[in-house]
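Okay, predicted coordinates and the sequence, questions at the end:
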Amino acid sequence: MKTYASDNNAWKQVNALLPKDFQMRDDFLPEEETWEWNGNVMHIDRYANPQSEYRIFLHHGVGTNGRQLMMIFGHKMAALGYEVVAMDNLGYGMTEVKQKDVTYDNWVHAFADFVNAETRRDHKKPVLYGLSAGGMITYHASCYMDEVYGIIGMCFLKNDDKTVGEETSKFKGTSWMVVPTMQALSKTPLRRLMIPMKKVSKMDALTNNPEALKIMMEDSASGGASVQLQFLAEYMTYRMPIPVEDYDKCPILLTQPELDRWTPLKLGQISMKGIKAPFTV
């Protein structure tokens, strides 16, 4: 089992850059464990609390991991008395991938299956929190969950919308050519070709702190991670399992970062336009 305690130093370096009263303390770190999904060893960070009525599930984006979400949100929620759990999805964090083909749909179902398994094992009301691409993953995955009481997202990206796809891409004006090409290649043996996310996305806008950005871009468990071509092709064209106009499973809260240079507020508004569920910004 790979762990953040012994196999990754990047999160500690980023943690040290945070304001002192916001840093994760050595005497209050999450417990590390694993959960098996389709033969893969999924890494789990957990702040357990048997008394908590709610369990908050964190999902990272394509430039972060579960420990980093614990750092910016999870440990503060745990201090308030909530049980908090963060899963590293396939190819990120400390999760060990055993399957040969990794798709975006795998991400969606791995997260949904984990939340369902946790809720059945030890019932607490599940609330989902997603950062960047994780915002839309929480939405997509919630469509397959037995129950969900709320979604908090730092952005929601409906990537099959042309405006959203263009705004989040590293190269403006190329999606008309890139997306169909990737879709075609994803049906060939090249589907497993590994592509660094920083080569195709606006990873330079991952954080506005230059020192933190350098650390994360060099970290293969977060900003320096690579994904299979077929993952990227599906990520850019994924259709919502439940369209927003029919979605009423739970309230949704968009907590938009004011200085976000990657995913501005208008993209979340486009992606969630017409949603049936209560939606608050």
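In hand now; what should we look at?

which residues does residue 131 contact?
Residues touching residue 131, when contacts are defined by Cβ atoms under 8 Å, 6 or more residues apart in numbering, comprise 58-61, 64, 69, 72-73, 153-154. The way it works is simple: take the backbone N, C-alpha and C, and place the C-beta from them, glycine included.

Which ones among those lie within strands?
The subset of the contacts of residue 131 located in strands under the criterion DSSP state E comprises 58-59, 153.

ok, so of those, who is nearest residue 115?
Each of the ones in strands among the contacts of residue 131 was checked against residue 115 using Cβ to Cβ; the closest is residue 59, at 9.6 Å.

any idea how far the closest residue to that closest one other than its chain neighbours is from residue 53?
Using Cβ to Cβ, 6 or more residues apart in numbering and skipping the chain neighbours, the partner closest in space to residue 59 is residue 134 (3.9 Å). In this structure, residue 134 lies at 23 Å from residue 53, with Cβ to Cβ, to the nearest Å as the measure.

between these two, which one's more packed in?
With other Cβ atoms under 10 Å as the criterion, residue 134 and residue 53 differ in neighbour count, and residue 134 comes out ahead with 27 against 12.

unless I'm mixing things up, the more buried one is touching residue 60, no?
Yes: Residue 134 sits in contact with residue 60 when judged by Cβ atoms under 8 Å, with a separation of 5.3 Å.

what do these two both touch?
Counting by Cβ under 8 Å, 6+ apart, the shared contacts of residue 134 and residue 60 are residue 69.

Buried ones in stretch 15-34, by neighbour count?
Residues of stretch 15-34 classed as buried by neighbour count (16 or more other Cβ atoms under 10 Å): 15, 24, 30, 32, 34.

sorry, that was for stretch 187-205
191, 193, 197-198, 200-203, 205.

Helices of the stretch 151-281 of the chain, start to end?
Using DSSP state H, counting those that start in this stretch, the helices of the stretch 151-281 of the chain run over residues 162-168, 175-185, 197-200, 210-217, 229-235, 265-271.

what about the stretch 151-281 of the chain, any weak spots by pLDDT?
Per-residue confidence for the stretch 151-281 of the chain (pLDDT under 70) gives these ranges: 165-166, 168-176.

Next up, the contacts around residue 21.
With Cβ under 8 Å, 6+ apart as the criterion, no residue contacts residue 21.

quick one, phi/psi of it?
The main-chain torsion angles of residue 21 are listed as degrees, to the nearest 10 and equal phi -80, psi 0.

so how far is residue 90 from residue 37?
Between residue 37 and residue 90 the computed distance is 9 Å (Cβ to Cβ).

So for those two, which residues contact both of them?
residue 110.

list the buried ones in the biggest helix by length in the chain?
Ranked by residue count under DSSP state H, the longest helix found in the chain is helix 104-121. Applying a neighbour-count criterion of 16+ other Cβ under 10 Å, one finds 104, 106-116, 118-119 buried in helix 104-121.

Show me the shaky parts of the stretch 1-150 of the chain.
For the stretch 1-150 of the chain, not a single residue meets the criterion pLDDT under 70.

can you give me the helices for it?
Here the stretch 1-150 of the chain has its helices, by DSSP H, counting those that start in this stretch, at 4-7, 10-15, 66-69, 75-79, 104-121, 133-142.

Tabulate those helices (CSV), appending distance to residue 49.
Written out in CSV, the entries for the helices of the stretch 1-150 of the chain read as follows (distance: least, Cβ to Cβ, whole Å):
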stretch, distance to residue 49
helix 4-7, 20
helix 10-15, 22
helix 66-69, 17
helix 75-79, 7
helix 104-121, 13
helix 133-142, 21
